[in-house]
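> Got a sequence here, can you model it:
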Amino acid sequence: MSLNESRGTRRRGAELEDAILDAAWAQLEEGGYPRFTIEAVAERAGTSRPVLYRRWPGRTELLLATVAHIGDRTLPVIPDTGTLRGDVIALLHEVNRTRAGLMALVSVHLGSYFSESGTSPAELREHFIHGRPSSMSQILSRAAARGEAPADLPERVCSLPFDLFRGEALLTLQPIPEQSIHQIVDEIFLPLVQAYRQKT
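Have a look, this model is predicted:
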């Protein structure tokens, strides 16, 4: 039991779990996966190792829970500008502001996790999303209702703006330039949408 808990400020339930996962994220950002241990997270969270082990069998499970927790905490606001172009540009701006650092973290700090677990960034991303509908699917659904896009766009086209965004962010480990966002939308994505629209 931690000093804080013994003085009558014992945290319970969701409050305690949120505090642990916030501490786990801070530990991961600061020390990467090699220093991401149950002991280090417990100390940072001001609690004990048994408290963590009651929730997660080991650090792999704790990492996956932390990634899902941060995914929930950084959900982008889905814009509604009235046009497909405006929505996609606004969404990429929001993701550029809130999640570019997460992509850098995955690239720099989690290499040893992928080697140890035999998993990939794509699999970790599934835990980050954990079943939520994508922002692009909601934007494209509205665009289809307005007649701006076909309702049956291939998945590869739907995910293209984020695939290109993610690729550039991981190469540079920085938020991508404004010019790149407009090039992705205006020179690549929208012409493809228009081409599929003309087929229908």
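> Now the residue minimising distance to the centre of the chain. Nearest residue, chain neighbours left out?
Centroid-nearest residue in the chain, with C-alpha atoms, centre = their mean: Gly71, separated by 4.6 Å. Excluding the flanking residues, the one nearest Gly71 by C-beta to C-beta, 6 or more residues apart in numbering is Phe128, at 4.0 Å. (C-beta placed from N, C-alpha, C; glycine too.)
> contacting residues around the one you found?
Residues in contact with Phe128 (C-beta atoms under 8 Å, 6 or more residues apart in numbering) are Val67, Ala68, Ile70, Gly71.
> from those residues, which is closest to Pro121?
Among those, Val67 lies closest to Pro121 (C-beta to C-beta), at 10.8 Å.
> All the helices of the protein, in order from the start?
3-4, 13-31, 38-45, 49-53, 59-73, 84-98, 100-109, 111-117, 121-129, 135-146, 155-158, 160-172, 178-182, 190-199 (DSSP state H).
> Including mean pLDDT, could these go into TSV?
Formatted as TSV, the helices of the chain follow (pLDDT from 0 to 100):
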stretch	mean pLDDT
helix 3-4	43
helix 13-31	92
helix 38-45	96
helix 49-53	96
helix 59-73	89
helix 84-98	93
helix 100-109	68
helix 111-117	82
helix 121-129	77
helix 135-146	94
helix 155-158	94
helix 160-172	89
helix 178-182	97
helix 190-199	93
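> In a markdown table, list the contacts of Phe128 along with distance to Arg85.
Output for the contacts of Phe128, formatted as a markdown table (distance: C-beta to C-beta, whole Å):
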| residue | distance to Arg85 |
| --- | --- |
| Val67 | 31 |
| Ala68 | 32 |
| Ile70 | 29 |
| Gly71 | 26 |
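> Identify the farthest-apart pair in these.
Between any two of the contacts of Phe128 (C-beta to C-beta), the greatest distance is 7.5 Å, for Ala68 and Ile70.
> Hmm, Ile129 and the residue nearest to the centre of the chain touching each other?
Yes. The pair Gly71 / Ile129 is scored as a contact, 6.3 Å apart, by C-beta atoms under 8 Å.
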